[in-house]
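S.K.: no sequence on this one, just coordinates:
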């Protein structure tokens, strides 16, 4: 058996509005709209990862999801322009990440990160 994908499902009162938020901030495509759920995709090869944790690191709350980007400053600007509240960072972490946390429009805690180790 091989795992083909792992998909986080974020709760939302208005799933399509939340999907549009992630599309606007992270440049994702709304590939499928069923009204009660929106499927967001991106071109490129994604990795499959599942993390288990007791906290988010640096004694922060555990985020619902983590999104790695190649331009953290651009992602932060897009998040703020979309009305997101940045609640942590940007911070350089001792394990080689630069990151910030935002609250999406539904209140989900999102870890946005960039690898600084190259």
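M.R.: Okay, I see it. Quick caveat: nothing in here was measured; it's all calculated off a predicted structure.

S.K.: for this structure, longest helix please?
M.R.: The residue-count maximum for a helix in the chain (DSSP state H) belongs to helix 15-26.

S.K.: Could you tell me which residues within that one count as buried?
M.R.: By 16 or more other Cβ atoms under 10 Å, the buried positions in helix 15-26 come out as 15-16, 18-23, 25-26. C-beta: built from backbone N, CA, C; applies to glycine.

S.K.: possible to save the residues you listed as TSV with pLDDT?
M.R.: Converted to TSV, the buried residues of helix 15-26 look like this (pLDDT from 0 to 100):
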residue	pLDDT
15	93
16	92
18	96
19	94
20	94
21	97
22	96
23	94
25	96
26	94
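
S.K.: Make TSV out of these and add distance to residue 71.
M.R.: Shown next, in TSV, are those (distance: Cβ to Cβ, whole Å):
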residue	distance to residue 71
15	27
16	26
18	22
19	21
20	20
21	18
22	16
23	17
25	12
26	11
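
S.K.: Which member of those is positioned nearest residue 8?
M.R.: Here the nearest of the buried residues of helix 15-26 to residue 8, counting by Cβ to Cβ, is residue 22; it sits at 11.0 Å.

S.K.: need the contact list for residue 56.
M.R.: Counting by Cβ atoms under 8 Å, 6 or more residues apart in numbering, residue 56 touches 62-63, 101, 109, 111.
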